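> sequence isn't available, so here's the structure alone:
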């Protein structure tokens, strides 16, 4: 098979066969424990496990879930399939890792494809189904679908339904618009397919960061929890005062593991309120982040003599080994106190020969792999014109 001389219909037919093989591979006994755990988690989140949720969970597991060796199931499938896939088939199957999850507004049929306008990234996709045009028989212009699509083949601009598609009537626009707004607020990386929106998000984050620095005097401040919370509230009060009517609702902060969800901007998570201190760091790339008891670690790096303080070392160990904590926190400690870093990590790791300049980045890569596997994304999301229209209409 060669994509250059193969029709989209033939590519879709071959994709259907290979997707069936992949799904069967993902449900082999050796993956059963992990997949069953994900299905149980999905059932717990939704209160039950319907067919659509199960199909979407299996699809995510097959294409995106990382196994203990760091590879995805689809990468294992390509490596182990016998007979091996042809080069073009291999390129096609690995291309399915490029999943687009969306809240789509139906724009109409285009031959055998359906034009779907993704409210998350404001891009229109030509989407096919391996069931043919009949898969779209119940859809009408102005309706909505929530689901996942993948490239038919990286060499084409055609997309393929992947997993379950949930359809919703036009009357559901209020619910769909809010779902889309919440989703893009939590996942700014979804803007990557729309360079204009992504650029706006970076620019807006830069403006917000400049406002934060003007307010507190630096992009990093360590405060008692209640002072940190009041600093945040003042920051967001200032942003709201500066916001004009046409920008209202068009940007939201990402709810990272170290920060609050968008609906609680300006309020620290409860688990930080009993901390000794809280660091507010407004990074130029990662945006606004919060770190518990940062002051204790800052004092340790400033004067590493009392490295026998096992509680503080244990906290640093947690910062290091928790994959949800960005490398940003440790890098900032190193930048602030470069003379103390080697002594601290030698005590933490039990390695007298450790050198941060030689070993530091390798250490972070080993423990923070998810942060190095993804492209940088702003901590602020900007929504597209169509979603803004829907939100204004329902309000």
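Noted; the coordinates are in hand. In this text the structure is predicted, and so the values were computed from the model without any measurement.
> isn't residue 162 up against residue 148?
Yes - because the distance of 4.6 Å satisfies CB atoms under 8 Å, residue 162 is recorded as touching residue 148. Bear in mind the C-beta positions are built from the backbone N, C-alpha and C, glycine included.
> identify the contacts common to these two.
Shared contacts of residue 162 and residue 148, defined by CB atoms under 8 Å, 6 or more residues apart in numbering, comprise 59, 99.
> higher neighbour count, the two?
Higher neighbour count among residue 162 and residue 148: residue 162, with 26 against 21, using other CB atoms under 10 Å.
> helix/strand/coil for the more buried one?
strand (DSSP: H, G, I helix; E, B strand; the rest coil).
> tell me the contacts of it?
By CB under 8 Å, 6+ apart, the contact set of residue 162 is 19, 59, 63, 96, 99, 147-150.
> just these: which are in helices?
Secondary structure assignment (DSSP state H) places 19, 59, 63 from the contacts of residue 162 within helices.
> hang on, isn't the second one packed against residue 149?
In other words, residue 59. No - contact status for residue 59 versus residue 149: not in contact, 10.8 Å apart, counting by CB under 8 Å.
> quick check on those two: which one has the bigger neighbour count.
Set residue 59 next to residue 149 and count neighbours by other CB under 10 Å: residue 149 wins out with 27 against 22.
> what about the more buried one, distance to residue 270?
When CB to CB, to the nearest Å is the yardstick, residue 149 and residue 270 sit 38 Å from each other.
> ok, now residue 283?
24 Å.
> that older thread, any chance of TSV for the ones in helices among the contacts of residue 162, columns distance to residue 235 and pLDDT?
Rendered in TSV, the data for those read as follows (distance: CB to CB, whole Å; pLDDT from 0 to 100):
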residue	distance to residue 235	pLDDT
19	47	96
59	40	97
63	39	97
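> nearest to residue 135 among those?
Ranking these by separation from residue 135, with CB to CB as the measure, puts residue 19 on top at 14.0 Å.
> which one is residue 277 nearest to, not counting chain neighbours?
residue 295 (3.4 Å; CB to CB, 6 or more residues apart in numbering).
> please report how far the one you found lies from residue 276.
Counting by CB to CB, the gap between residue 295 and residue 276 amounts to 6 Å.
> which of the helices or strands spans residue 104?
Assigned by DSSP states H and E, residue 104 belongs to strand 100-110.
> need the longest helix for this protein.
In terms of residue count, the longest helix belonging to the chain (DSSP H) is helix 195-216.
> listing partners with orientation, what would you give for the next helix or strand after that one?
The element immediately downstream of helix 195-216 (helix or strand, assigned by DSSP H and E) is strand 220-223. With DSSP bridges as the test, strand 220-223 is paired with strand 278-283 (antiparallel).
> ok, back up a step: ok, now which ones touch the residue nearest to residue 277?
Here residue 295 is in contact with 222, 276-277, 279 (CB under 8 Å, 6+ apart).
> right, and residue 164 touches residue 149 too?
No - under the criterion of CB under 8 Å, residue 164 makes no contact with residue 149, lying 11.8 Å away.
> so which strand or helix has residue 121?
With elements taken from DSSP H and E, nothing contains residue 121; it lies in neither a helix nor a strand.
> and it, backbone torsions?
For residue 121, the backbone dihedrals (degrees, to the nearest 10) come out as phi -110, psi 0.
> about what we covered before: ok, and the most crowded of the contacts of residue 295?
With neighbours defined as other CB under 10 Å, the most crowded of the contacts of residue 295 is residue 279; it has 23 neighbours.
> please name the nearest non-neighbouring residue to residue 25.
Taking CB to CB, 6+ apart as the measure, residue 25 lies nearest to residue 77, with 4.7 Å between them; neighbours along the chain are not counted.
> swap in residue 211?
Computed as CB to CB, 6+ apart, the closest residue to residue 211 that is not its neighbour in sequence is residue 238, at 6.1 Å.
> that neighbour: how many residues sit nearby?
Using other CB under 10 Å, the number of residues around residue 238 comes to 15.
> right, and it touches residue 215 too?
Yes - here residue 238 reaches residue 215: they are 6.9 Å apart, a contact under CB under 8 Å.
> related to what we said a few turns ago, so which of residue 283 and residue 270 has more stuff around it?
For the pair residue 283 and residue 270, the greater number of neighbours falls to residue 283 (17 against 8), based on other CB under 10 Å.
> list the buried residues for the host helix or strand of residue 364?
When elements are defined using DSSP H and E, residue 364 is found to belong to helix 356-367. Buried residues in helix 356-367, defined by neighbour count with 16 or more other CB atoms under 10 Å: 356, 360, 363-364, 367.
> in stretch 141-150, which residues are buried?
Within stretch 141-150, the residues that qualify as buried by neighbour count (16+ other CB under 10 Å) are 143-150.
> now render the residues you listed as a markdown table, adding pLDDT and distance to residue 112.
Below are those laid out as a markdown table (pLDDT from 0 to 100; distance: CB to CB, whole Å):
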| residue | pLDDT | distance to residue 112 |
| --- | --- | --- |
| 143 | 97 | 18 |
| 144 | 98 | 21 |
| 145 | 97 | 17 |
| 146 | 96 | 22 |
| 147 | 95 | 18 |
| 148 | 96 | 19 |
| 149 | 97 | 15 |
| 150 | 97 | 17 |
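> from those, which is closest to residue 375?
The nearest member of these to residue 375, counting by CB to CB, is residue 150 at 18.0 Å.
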